[in-house]
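S.K.: Structure, please.
(chains A and B)
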Amino acid sequence: MKKLIRVLGVLVVLGIIALLAFIFVPVQRTGPVTQLAADFKPAKGQGEYVMRAGDCMACHTNEGGKPFAGGRAIQSPMGTIWTTNITPDKETGIGNWSLDDFRAALYDGVAPNGTHLYPAMPYENYRKLTEEDVVALYDYFMHEVQPVSNKVEETKLSFPFNMRFGLRAWNWLAASYQAGFKPEEGQDEQFNRGKYLVEGAAHCAACHSPRTLFMSQDGIDSSSKAFLTGGEIDGYTAPDLRGPESGPQKWTTEQTAAYLATARNAHSSATGEMMLVVRDSLQYLTHEDNMAIATYLKKIGTAPADASAAAAKPEVTETEKLLTDAKADMPLGPRLYLDNCAACHIVNGKGAGETFPELDGNSLVTAKSPKGLISVILHGAELPSTADRPMKLRMQGYDQRLSDEEVAALATFLRQGWHNKAPSVSAAQVKAVREAATH
Amino acid sequence: MARTEKKKDVVLVGFGWTGAIMGIELANEGLEVLALERGHDQATVPDFQYPNMIDELKYGIRYGMMEKPANTTVTIRRSLDEEALPYRSLGTFLLGTGVGGAGTHWNGLNWRPMQSEYRLKSYVTEKFGAGVMTEDMTIQDYPMTYEELEPHFDRFEKVAGISGTAGNINGKIVEGGNPFEAPRSDEYPMPAMPSTWDGVKFRDAAKAAGYHPFPSPGGIASKDYKNEYNMQMGPCNHCGFCERYGCYNYSKSSPQTAIIDALKRKKNFEYRVNSEVLRVEKSTDGKTVTGVTYFDHKTGEEVFQPADLVILTAFALNNVHLMLVSGIGQPYDPNTNEGVVGRNYAYQITGGYTLFFKDENFNPFIGTGANGFCIDDFGIDNIDFAKEGFVGGAYWRAGQTNGQPGHTMPLPAGTPSWGAGWKKGIGEWYGHAMNIGAHGSVMSYRGHYLDLDPTYKDRHGRPMLRMTYNWHPNEIRQTQFMKQKMEPVAKSMNPTTLQEGFKKEGAMFDVRPYQTTHNTGGTVTGDDPKTSVLNRYLQSWDCHNLFVMGANTFPQNTQYNPTGMVGGLAYWAAHHIRKDYLPNPRALV
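M.R.: Sure thing, here's the model as predicted:
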């Protein structure tokens, strides 16, 4: 008995020591993955390019605020996370950070004082950056970004998420892999460039991969089956990119690249978060890089079985017949479609070229969560002006014109019309989206 | 002067079609360009959005998109001995305002004039003798040739996004198009729009009569489209809300669909709305202009905007008004036939037959502004002026543009205009009528001109623009000729009843019913500073750093809708400003 108590006592002491060590022993920071020549200088514009690819600006700039001065609220399931000032201001920004400090934030999610960053900062993905890009990005922030004095609100999550040290354990799960980028053997340069961008800087998996039980990305590279098979952001569905019905698999690589560069292609257009990603990030990538991304996505996915057969024989669907007949007693959903949508999206649901997106097979329409679709019907959507497609094509919203019941009937019709097979939408779901916008 | 703004390389007065074209062409040269627009800003969404825009009462009847006469108007008289009165209530023409200008609310009909029209006076004199012209006729040749303009027409059609069927490509006649058109270097950028049943009926009747029908060419997209600036259009759904409306469907050519978003990306381009230019300022020696003074409606003050280059890109009448109030060029005096500014104003003459068919249903809710079929068999090139006793021509078109009951409700003559009889008439005839229209040229004359009104002033204290215009016997003969030729075609279609609407001898210019907004002349282009305000590059003879765009540059009105010519001339001028003027600013002629 005494022996048992003694053993337990030792275990408790050891446990306490381990816990204290867990909390207080500084995290080992990852060093450079490549030793660069002492006189290494990033090419002109390289740092800004990595910033664009990483879309640092999107999170670290507040609505109407100075670039990179932080203060933007990121709504996470754990609470509001306020983004930090990453301008080279010495007081409120990162002006005092060394290259090693900077790299540790990108690779390990650790601030210079040892505090763990919340993984809203996608260091799970940035960990793949090459040393050249890390140095270029550091150089950009230190020398090309204007310092802005802006003390941002401190992030205060509720218990237990306010125990930042707990992220140490989380990082063992999520970000303990060998840092840096390893090209896939047997694949060409274009594929590997795409892989580097998708898995690294562009952090596509942050939205497009599902999350594990522990909220880490379920797969950070193509070796994982779940990688980029669809995720969720703020209740909206980020679509699957690998299945046979997904955009990158149905479309040509040129069309996918056009979507990334201009938020539109012959089939679809980007809305919501993806529109912002194109607006702030992807439109600034070279055509070659967007083609590399598209090529990589296509290669890691499953091609549609009957792509050529379907393209060769356009059929007239039951939905198209219903809309063309336009009988007086047609149900509410299709009637609303004729009265509000068909002028642009056409009775065949195919839209028109790059101007009006197709709804038949559109991932936004058939998404697991109908929030995105409801939101577009209610509030409309606007495409960003990009170099290749400057037009801010804008769909109007129908929140003033259609009731919750009508939007539900219309959305249900869209989700089940033509070849679409997605669950119905309820008026309550519409009401929730409508109310969220007014708050 | 309350305020002086920072100097710009170029200031554009008006931000419609020609302002947008000049804006993007000169911004592409790297110049600092500013467009001043008197009206409001407007974009497809939210300003033209569905269903708000398709409100006939607000926009079709109460002219929601037009400039209010209380803000800007003209005075009108029909002869030198009448007293001109302000045009207080919109009727015969509709003046737009706001970003995009008239380019937002037009019908979309887009043409190039016929080949003889560029050298009309020479053509008439050589072929028929000067005697066929009336004594007071002041028509003249354009100072540039069709061949010189052709690449610029082609460019405008591709920028604007015009649907149509070519009839003459590099001299080769193409079946299905207009065999009488001037040879074009390329197809239209989009295939022609399908026609409604009225247009098809007319096509078949015209063909049977031995004429040469072809689909109306228009700035209405027949498919999805992308132009050289990568701007986009979507296919039209034939909703029938073109003229008087902005298009909610990205389907009608406009500065918004063709240019503006591309232009807005340029850091060296800026536009200011609610900025109404009051006058162009001249240098002390009067040989150049120094900028413009505008009224800023937001701050309520006058602003001087200095610029190296001033381009008037407002509506035709406003451009002429600005030249007159700025004292640039000698105002025209009809008594002495001297002076140039205001000279050769011309309008457009239209006439037609309305055909009522008891057993036809035309579904008038389907339409576009450029719908249907045309013939050019009675175009200027195709008429023997010596034999017929007039100078001019017309193109004919049948194709419903809309079925809006408030202002498009043709009823047989004798139907009561109100009450139970009117309702009965509507019940019987709505949807059963179609129209064939003749759209005719108007020559310029000594007594038709624009000047400053001696009595009426606008809200800024400037004399209003005064229009002196009436129907001339030459045009009455022309339109009566069209009637005589059209009658058998209309009758061959076997309507239940038919009625004509052509102006007759003695007809006076009536400003109350809508006719067209095709106002031309006033600052015409020519080879001789004694008979023109602008040289062949649309550059002022008086001040070399002032250029003037618009239909006000036409020496006489063509038989067509003017936008194609306005756009072609703007690209022509832009080309020469870029290539010849900017490297060495001077009088180009």
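
S.K.: what's around residue 145, how many residues?
M.R.: I'll assume chain A. 23 (other CB atoms under 10 Å in any protein chain shown). Using the backbone N, CA and C atoms, a C-beta is placed for each residue, glycine as well.

S.K.: I was thinking of chain B, sorry if that wasn't clear
M.R.: Neighbourhood size, residue B:145 [other CB under 10 Å]: 13.

S.K.: Tell me the bridge partners for residue A:395.
M.R.: residue A:381 (DSSP bridges).

S.K.: For it, give me the pLDDT.
M.R.: Note for residue A:395: predicted pLDDT of 97.

S.K.: Tell me the spacing between whatever residue of the stretch 301-439 of chain A ends up closest to chain B and residue B:223.
M.R.: Using CB to the nearest CB, the closest approach of the stretch 301-439 of chain A to chain B is made by residue A:353 at 2.9 Å. With distances taken as CB to CB, to the nearest Å, residue A:353 is found 7 Å from residue B:223.

S.K.: Who's the closest spatial neighbour of the residue of the stretch 301-439 of chain A closest to chain B, skipping the chain neighbours?
M.R.: residue B:224 (2.9 Å; CB to CB, 6 or more residues apart in numbering or on different chains).

S.K.: Next, count neighbours for the one you found.
M.R.: For residue B:224, the count of nearby residues is 19 (other CB under 10 Å).

S.K.: Wait, it touches residue A:352, no?
M.R.: Yes: the pair residue B:224 / residue A:352 is scored as a contact, 4.2 Å apart, by CB atoms under 8 Å.

S.K.: and the residue in the stretch 101-250 of chain B that chain A sits nearest to, what does it touch?
M.R.: Nearest residue of the stretch 101-250 of chain B to chain A, counting by CB to the nearest CB: residue B:224, 2.9 Å away. Residue B:224 makes contact with A:352-356, B:232-235, according to CB atoms under 8 Å, 6 or more residues apart in numbering or on different chains.

S.K.: for the record, mean pLDDT for stretch B:507-525?
M.R.: On average, stretch B:507-525 scores 97.

S.K.: same thing with stretch B:273-284?
M.R.: Rounded mean pLDDT across stretch B:273-284 is 98.

S.K.: buried ones in it?
M.R.: B:273-282 (16 or more other CB atoms under 10 Å in any protein chain shown).

S.K.: so where's the stretch 251-400 of chain A shaky on pLDDT?
M.R.: The stretch 251-400 of chain A contains residues with pLDDT under 70 at A:307-314.

S.K.: Up against chain B, what does it have?
M.R.: Residues of the stretch 251-400 of chain A found near chain B (CB under 8 Å from any CB of the partner chain) are A:340, A:342-344, A:352-356, A:380, A:382, A:385, A:387-396.

S.K.: Do you have the helices of the stretch 451-589 of chain B handy? List them.
M.R.: Ranges of helices in the stretch 451-589 of chain B, per DSSP state H, counting those that start in this stretch, are B:473-492, B:563-576.

S.K.: In ChimeraX, how would I select the buried members of the residues of the stretch 251-400 of chain A next to chain B?
M.R.: The buried residues among these can be selected in ChimeraX (16+ other CB under 10 Å) with this line:
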select /A:340,342,343,344,352,353,354,355,356,380,382,385,389,390,391,392,393,394,395,396
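
S.K.: how close does the single nearest residue of the stretch 401-550 of chain B relative to chain A sit to residue B:111?
M.R.: When scored by CB to the nearest CB, the stretch 401-550 of chain B has residue B:402 as its residue closest to chain A, at 15.5 Å. Distance from residue B:402 to residue B:111, counting by CB to CB: 20 Å.

S.K.: Show me which residues of the stretch 1-150 of chain B sit near chain A.
M.R.: With CB under 8 Å from any CB as the criterion, the stretch 1-150 of chain B meets chain A at residues B:43-46, B:49-51.

S.K.: Residue ranges of each domain in chain A, please.
M.R.: Domains of chain A are assigned by automatic domain parsing as A:44-174, A:189-299, A:315-438.

S.K.: out of these, deepest packed?
M.R.: domain A:189-299 (a mean of 20; mean count of other CB atoms under 10 Å in any protein chain shown).

S.K.: how about the nearest residue to the residue of the stretch 401-550 of chain B closest to chain A once chain neighbours are set aside, what does it touch?
M.R.: Of all residues not flanking residue B:402 in the chain, residue B:240 sits nearest, at 3.9 Å (CB to CB, 6+ apart). Residue B:240 is in contact with B:364-368, B:400-404, counting by CB under 8 Å, 6+ apart.
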